[in-house]
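Novice: Need a 3D model of the following:
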Amino acid sequence: MPTPKAGYHLKSGEKVPGVTTIIGGQLAWSKPALLWWAWDQGRQGKDFRETKDDAADLGTRVHALIEMEMRGQRPAEIPADCESSLLAFYEWREAFRLQCTGSEIALVSEKYRYGGTIDYPALLNGRRCILDLKTSKGVYPDHRIQLAAYGQLWDEAHPDDPVTGYHLLQVGKENGSFGHYYWPSLAKEFEAFFLLRNLYDLQKEIGK
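Specialist: Below you'll find the predicted structure:
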């Protein structure tokens, strides 16, 4: 999710951190899975630095194709190895009646003093939701925390159109598989984000 070139600012002009900066600098809950993957590559006699890019290649291409569709753009050509993943996305999109209502919406929370850019403000079956697309081997806690933080941003900016649920579309790194995850509430995850936001300020003060 791209950050505005000037960053995020409160109405007062004070610059505040973004969601990915807060989470990425404080949380490493998904790291054990990545370390296990690197160890397993070594156990198989492979160099994880060489296989990492190969493993991500198909998933990255499927991700890009789905992203084009979500932005209302039609891919000129769909590679054969991406067809099954795209078909799964098309079926999901029709079943949930996906409507993307914007693109790369930058918002700032005056209450919690942070910003974020929502890639796909969306309606599913006519209901407002936070929707994100990830290329990963699994679904990790930091994914849900990120969704929760974006939900607060949206609700603060649009109190008349509140979020009713959180959806994550996962594209498998190695095989380009398509998966859908849904949470009606992420209250605990936002509580974790709030603590991370406070820790971000404390870390800066302690580090002085």
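Novice: where exactly do the strands run in this structure?
Specialist: 8-9, 15-16, 99-100, 105-109, 114-118, 120-124, 127-136, 166-172, 178-183 (DSSP state E).
Novice: which secondary structure elements does the fourth one contact?
Specialist: On a contact count with 3 or more C-beta pairs under 8 Å, 6 or more residues apart in numbering; DSSP states H and E, strand 105-109 meets strand 8-9, strand 114-118, helix 141-157. Backbone N, C-alpha and C define where each C-beta goes, glycine included.
Novice: nearest to Ala157, of the strands of the chain?
Specialist: Closest to Ala157 of the strands of the chain, according to C-beta to C-beta: strand 105-109, at 5.0 Å.
Novice: I'd like the mean pLDDT over that closest one, please.
Specialist: Mean per-residue pLDDT for strand 105-109: 96.
Novice: hmm, who's touching it?
Specialist: Strand 105-109 has contacts (C-beta atoms under 8 Å, 6 or more residues apart in numbering) with 3-4, 8-10, 16, 114-118, 121, 152-154, 156-157.
Novice: Pull out the buried members of those.
Specialist: 3, 8, 16, 114-118, 121, 152-154 (16 or more other C-beta atoms under 10 Å).
Novice: you'd agree Gly151 is up against Tyr166?
Specialist: Yes - counting by C-beta atoms under 8 Å, Gly151 does reach Tyr166; the two are 6.3 Å apart.
Novice: what bridges to the residue nearest the centre of the chain?
Specialist: For the chain, Asp132 is the residue whose C-alpha lies nearest the centre (C-alpha atoms, centre = their mean; 4.6 Å). Note on Asp132: beta-bridge partners Leu168, judged by DSSP bridges.
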